[in-house]
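Visitor: Pasting the sequence and the predicted coordinates here, then a few questions.
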Amino acid sequence: MMQEKVQILVVEDLKSNSDLVCAALEDTGEIEAIPLFSGEEALEYLETQHPHMILSDIIMPGISGFDLCSQLKENPRLKDIPVVFVTGKDDATDIVHGLNLGAVDYVTKPIIPEVLVARVRAHLALSFHKEQLKVMANTDALTGLYNRKAFEGFLSEFIENKKEFALIYLDLDRFKPVNDELGHPIGDLLLKRVAKRLRYVVRAVDIVARIGGDEFVVIISKVHSQAIVEMVCDKILKNLAAPYNIDDHEICISATVGAVLYPLDADNEYDLVRYADTAMYHAKESGRNRFTLFEAKLESIVSEKQKMEEELKQGLEKNQFELYYLPSIALSDGTVQSMETLLRWKHPQRGVLSPSQFLEHFILSHLEEKLFVCVIEKVVQQIKLWHQKGILDAHLTLNLTHAEFINRNLMRHITEACRKAECPPQLARWIELDVSESYLMSDIDFSRKQIQELAKIGVTVSLDNFGSSCFSIYELQSMPLSQIKIDRNLISGIGNPSSEQALMTVIHMITSLGHTPAAIGVETEEQQTFLKQHGCMIMQGYRFSTVLNTEEAECLMTEKKSLC
């Protein structure tokens, strides 16, 4: 297969000079020289074409080379084409002026073909390298689609050119369980397949981008009616809903779509993205695997979301979040073995809110990491305070979401919290992180590495919800875990013979692996007795204590009284 030739536009009013330049370029066998004889011809040609380089004389009748270069650099589509002036003018002032206009080089006449070709090749190589970097900077590394940066650029350009278009915002339904159950490698392959189907569904001129984990956007150009948008959305949903066969797994996944029209619904980037996002979440609330077109009545939803996002930010800024505690006890003597930290939002109007009432809003507002930083700082401050009072003898445990556990900045956030609180680094050993079984098992190698890195600063990791999903005995054995916590659903099954048998198996399995079993959600004497009889000596639940505020927790730590 023949390699496509490089196209270079030669703008020169004297045919003899043009022929000389074109011949030198064509003789390489790599370049197609396109001769034009005026600035006007060049601009007309460039309305529809995009050559790799332009060689231009300066002094020409009508539009000069300087004017041509100046107009090119003002055009977003053409501004990156390298321009080289080929001219008899060798005055330093002219050279500087040309370079200031955006030209990349200046070749003086009479032409020496070998020198011209060498300089052209050098600038082509540089131009291609820049283009590669630009492509990389604007491409999603996983899927090959455009990334968020590129999408924002296209959106701005479409609005600037006042072109009618539709913005389609889509989010995959139930993608997280795929990652949790089948692992990130399968999840990544699924995202690649989704991207390929999206690209296939729309036209080549339309823009498709991945802007988040499982979030995609599509810009459909030249859209004049809602009917066209509805047809495209329906086509997207049907294509994405067909099963995916990946590594012997048949995966069924759907999408939820929101769409907005420019300029019918909004005329600026901020509102377009906001309205499309709102339409999508409205569709998700209606049952998933469907689409919603934005309409005026949804504006109140947008306003409410905006209000909640602002309240979340204010809550962080005004220190409205507080820690509460639920102790785990050692049944041998009833003393506190660890304190699970529970976050509460003391909202000035809505009252005291639990995470189930606000955590999703943090995630949707992309403030989840800021919330985690707030929590870890409070935990570190409390550890320091109790250490100073001489009453610290129990770990403080934080439950991590999947996003928090896989965050590459997790350890940095913890060490920074210690530095900010002027807390001795060795006190980090009182921090224990609870991570769900499904999160750890989704990427074993990463999980093991993350736990080992945390261990370097003394932070331990316990496995939560054990027995709630599939697991590998071998992998668990190799995990440097501080504790394994049995899923509360197994505890609630005590009293049912088959459930009790499953629970006994789990307890035996944990101890045989060399780990300490802990029971979560213990509420009755019957449950306590059964667990003790079968070797589970660490428990947590309302059988022993309700949720405590800081003052109550401190009192418990100070008195060191038995809770059983």
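Guide: Done, it's in. Numbering: from 1, shown residues only.
Visitor: Run through the protein and note the low-pLDDT ranges.
Guide: 1-3, 133, 302, 364, 468-475 (pLDDT under 70).
Visitor: For the residue most central in space within it, which residues are in contact?
Guide: Against the mean C-alpha coordinate of the chain, by C-alpha atoms, centre = their mean, the closest residue is residue 212 at 4.1 Å. The contact partners of residue 212, taken as C-beta atoms under 8 Å, 6 or more residues apart in numbering, are residue 148. (Each C-beta comes from the backbone N, C-alpha and C, glycine too.)
Visitor: a strand runs through it, doesn't it?
Guide: No. Using DSSP: H, G, I helix; E, B strand; the rest coil, the assignment for residue 212 is coil, not a strand.
Visitor: Please report how far it lies from residue 143.
Guide: 12 Å (C-beta to C-beta, to the nearest Å).
Visitor: ok, back up a step: pop out the phi and psi values for the residue nearest to the centre of the chain.
Guide: phi -160, psi -170 (degrees, to the nearest 10).
Visitor: Following the chain onward from the strand or helix carrying residue 510, which element is next?
Guide: Per DSSP states H and E: residue 510 is located in helix 497-512. Of the helices and strands lying after helix 497-512 in sequence (DSSP H and E), the nearest is strand 517-520.
Visitor: Just the buried positions in whichever helix or strand comes after that next one, please.
Guide: Counting by DSSP H and E, the next helix or strand C-terminal to strand 517-520 is helix 525-533. Residues 527-528, 530-531 are the ones in helix 525-533 that count as buried (16 or more other C-beta atoms under 10 Å).
Visitor: Which single one of those residues is nearest to residue 314?
Guide: The closest of those to residue 314 turns out to be residue 527 (C-beta to C-beta; 41.9 Å).
Visitor: Which residues are in contact with that closest one?
Guide: 491, 494, 519, 541, 543 are the contacts of residue 527 under C-beta under 8 Å, 6+ apart.
Visitor: and what of residue 207?
Guide: So residue 207 contacts 146, 151, 154, 217-219, 221 (C-beta under 8 Å, 6+ apart).
Visitor: same deal with residue 99?
Guide: residue 106.
Visitor: again, only using 10 Å
Guide: By C-beta atoms under 10 Å, 6 or more residues apart in numbering, residue 99 lies in contact with 69, 85, 105-106.
Visitor: For the nearest residue to residue 95 once chain neighbours are set aside, which residues count as its bridge partners?
Guide: Among residues not flanking residue 95 along the chain, residue 106 sits closest, at 5.0 Å (C-beta to C-beta, 6 or more residues apart in numbering). Going by DSSP bridges, residue 106 is paired in beta bridges with residue 85.
Visitor: so residue 106 touches residue 88, yeah?
Guide: No. Residue 106 is beyond contact range of residue 88, at 11.4 Å (criterion: C-beta atoms under 10 Å).
Visitor: Who has more neighbours out of the two?
Guide: Each of residue 106 and residue 88 has its neighbours counted (other C-beta atoms under 10 Å); residue 106 has more, 18 against 11.
Visitor: what residues are up against the more buried one?
Guide: Counting by C-beta under 10 Å, 6+ apart, residue 106 has contacts 58, 84-87, 89-90, 94-96, 98-99, 119.
Visitor: Out of those, which end up buried?
Guide: For the contacts of residue 106, buried by 16+ other C-beta under 10 Å: 58, 84-87, 89, 94-95, 98, 119.
Visitor: For residue 371, list the residues it contacts.
Guide: 312, 315-316, 321, 343, 345, 355, 358-359, 362-363, 365, 401, 404.
Visitor: Which of the residues you listed are buried? Put it as a PyMOL command.
Guide: To isolate the buried ones among those in PyMOL, judged by 16+ other C-beta under 10 Å, type:
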select buried, resi 312+315+316+321+343+345+358+359+362+365+401+404
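Visitor: Which members of the buried ones among the contacts of residue 106 are positioned in strands?
Guide: 84-87 (DSSP state E).
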